[in-house]
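K.L.:
Sequence and predicted structure, then a few things I'm wondering about:
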Amino acid sequence: ATSTAAPSAKEYTRPFYCSLEDLCAGCTKKLKVTHPSGRETGEQVMMERIYEIRVLPGMQARTKFKFKAQQGFPPISFVLKEKGHSFLKRRNEDLIFDCHISPRQADRGAKLSIPLPTGETYKVSTEHRVPMNSGETMRISGKGMPIRRKKEGGPSRGDLIIRFHVIEEQQQEGRDNRSSQKKR
């Protein structure tokens, strides 16, 4: 006897987006999916279903959440994408902050306040590191993203890396002119 198995439904893949703050604290996303269904009558009726995804602290972009076919819906995968942040970049568990300083700040030092995705503001001074040059970095341990699979006795968070860029006077004036033109 030959068995005629129903053809497997096409699997769908959809992205969903989380901010750095969501990825730092963890969150639950509810995603609504509509799918055409025309079982008995032959008419196409749109069905809706809400999928709930639990995003754990420290999850990385490209993490897949798979759901099997159920109740007339085909199998579907949701792929985590990271929303861009206005001033922080993520590299694995580390956060990178590009800091633009004037030559005067490079020679005398500067006091910085950096808002972190945890909601806290990290304050740091560069007065002990003068003079500073473009390309120098400062690494602050434990102020990055949560580490999901930490090693025994290892850190629970990544690092905050501050990259310094000394802006010469002409570059600073050009930035000021562009920003004043945008305000008009």
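P.N.:
Here it is on my side, so go on. Numbers count the residues shown, from 1 in each chain.
K.L.:
Spatially central residue for this structure, please.
P.N.:
Centroid-nearest residue in the chain: residue 82, 3.5 Å away (criterion: Cα atoms, centre = their mean).
K.L.:
Nearest spatial neighbour of that residue, chain-adjacent residues omitted?
P.N.:
The spatially closest residue to residue 82, leaving aside those adjacent along the chain, is residue 61, at 4.3 Å (Cβ to Cβ, 6 or more residues apart in numbering). Using the backbone N, CA and C atoms, a C-beta is placed for each residue, glycine as well.
K.L.:
What is the burial count for residue 125?
P.N.:
Using other Cβ atoms under 10 Å, residue 125 has 10 neighbouring residues.
K.L.:
list the contacts for it?
P.N.:
109-112 (Cβ atoms under 8 Å, 6 or more residues apart in numbering).
K.L.:
Quick one: neighbours of residue 163, just the number.
P.N.:
Neighbour number of residue 163 under other Cβ under 10 Å is 15.
K.L.:
Tell me how far it lies from residue 50.
P.N.:
41 Å (Cβ to Cβ, to the nearest Å).
K.L.:
what does residue 80 give?
P.N.:
Counting by Cβ to Cβ - residue 80 and residue 50 are separated by 18 Å.
K.L.:
now swap in residue 145 and tell me
P.N.:
Distance from residue 145 to residue 50, by Cβ to Cβ: 28 Å.
K.L.:
Please apply the same query to residue 99.
P.N.:
Distance from residue 99 to residue 50, by Cβ to Cβ: 42 Å.
K.L.:
who's more crowded, these two?
P.N.:
residue 99 (20 against 8).
K.L.:
For the more buried one, give me its contacts.
P.N.:
112, 162-165.
K.L.:
same check, this time on residue 66
P.N.:
So residue 66 contacts 75-77 (Cβ under 8 Å, 6+ apart).
K.L.:
Mark which of those are buried, thanks.
P.N.:
Neighbour-count burial (16 or more other Cβ atoms under 10 Å) applied to these gives residue 76.
K.L.:
Distance to residue 21 and pLDDT added to the contacts of residue 66, as a markdown table?
P.N.:
Converted to a markdown table, the contacts of residue 66 look like this (distance: Cβ to Cβ, whole Å; pLDDT from 0 to 100):
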| residue | distance to residue 21 | pLDDT |
| --- | --- | --- |
| 75 | 31 | 92 |
| 76 | 26 | 93 |
| 77 | 24 | 95 |
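K.L.:
Out of the contacts of residue 66, which sit inside strands?
P.N.:
Counting by DSSP state E, the part of the contacts of residue 66 found in strands is 76-77.
K.L.:
Going by distance to residue 18, which of the contacts of residue 66 wins?
P.N.:
residue 77 (15.9 Å; Cβ to Cβ).
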